[in-house]
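>>> Next come a sequence and a model predicted from it.
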Amino acid sequence: MLEGILAWHVRGTRYGIRVDERDELLACGEPGVQLTWMDAKIGDWVFAPRTGKPVEIQALWYNALEVIAELRSRAGDAAGAEKARQQAARAQASFCAQFWNPARACLYDNIAPDGTPDAAVRPNQIFAVGLHHAILDGSQARAVVYAVERDLLTPAGLRSLSPREPNYRGRYEGGVWERDSAYHQGTVWQWLMGPFLTAYLRTHPNDPAAHGQAAAWLQALEPQLQVACIGQISEIAEGEQPHLPRGCFVQAWSVAELLRVAVELARSRRICVAR
């Protein structure tokens, strides 16, 4: 099944999803269609168009290639494992060459089909650091985490767009058009605290102070359990203080990501103390 999924991504499928043979990165999308999680639109109006090569899709693609390489190796397919590793290496090299934004010391959010980069500071770049097989490491990984912390981190989660950007919307209110147009333009998403804390811990290994900071950020979300639905975490919150919860008041991925990173933090702190 996994081999079939990989083959279809290489071969190409609906909505322009395909591996670009020139750089081994994954392209996707068509006008009027939004394929990433930032999918808010009314009719054909896409509020955060990301057709081309979205940053988190490349991070997930690289991670998938590395996982395929591991599985092939375990199955005794040494040649297949090496092929996947070579694909992953080419994708990583292309990613680092195309996505690094030296002017802002972080990653571009998307590369359009014509090669134009989108320099808007969004949280999607955190996946380049926070996945099991990170496509980015070293000083650039630390710079990405710093940029996300500086511009996007709130006590309720990560903003979907930096307040420094002209399209930033800090309030989620009004009618359907007003709310949907703000959905990914500054609204805080609670589930993103999970990948952010994973990336933060990865770029601060064996640092007790960093573990304490990560625990404090996670603890800061506790009031959210008492605001909308007792014992639950909402889908989103407003980008501006006091970051009131909005949207669905019981959201599975918000709860799941915070539980996951809480377990990860507890394990990481035990290892740090033992060392």
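Thanks, I have it. Residues are numbered from 1 along each chain as shown.
>>> only C-alpha atoms for contact and neighbour calcs from this point on.
Will do.
>>> For residue 13, list the residues it contacts.
By CA atoms under 8 Å, 6 or more residues apart in numbering, no residues touch residue 13.
>>> Which other helices and strands does the helix or strand harbouring residue 90 contact?
Using DSSP states H and E, residue 90 sits within helix 78-99. Packing contacts for helix 78-99, counted by 3 or more CA pairs under 8 Å, 6 or more residues apart in numbering; DSSP states H and E, involve helix 55-74.
>>> If we use 10 Å, what do you get?
In terms of contacts (3 or more CA pairs under 10 Å, 6 or more residues apart in numbering; DSSP states H and E), helix 78-99 is packed against strand 53-54, helix 55-74, strand 106-107, strand 110-111, strand 117-118.
>>> Dump these to CSV, plus mean pLDDT and mean neighbour count.
Formatted as CSV, the helices and strands packed on helix 78-99 follow (pLDDT from 0 to 100; neighbours: other CA atoms under 10 Å):
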stretch, mean pLDDT, mean neighbour count
strand 53-54, 98, 26
helix 55-74, 97, 21
strand 106-107, 98, 28
strand 110-111, 97, 24
strand 117-118, 97, 18
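>>> Give me the contact list for stretch 78-94.
6, 19-20, 22-26, 58-59, 61-75, 95, 97-98, 134-136 (CA atoms under 10 Å, 6 or more residues apart in numbering).
>>> hey, where'd the helices end up in the stretch 101-250 of the chain?
When assigned using DSSP state H, counting those that start in this stretch, the helices of the stretch 101-250 of the chain occupy the ranges 127-130, 138-151, 176-182, 193-202, 208-219.
>>> Can I get those in CSV including mean pLDDT?
Formatted as CSV, the helices of the stretch 101-250 of the chain follow (pLDDT from 0 to 100):
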stretch, mean pLDDT
helix 127-130, 97
helix 138-151, 98
helix 176-182, 84
helix 193-202, 96
helix 208-219, 93
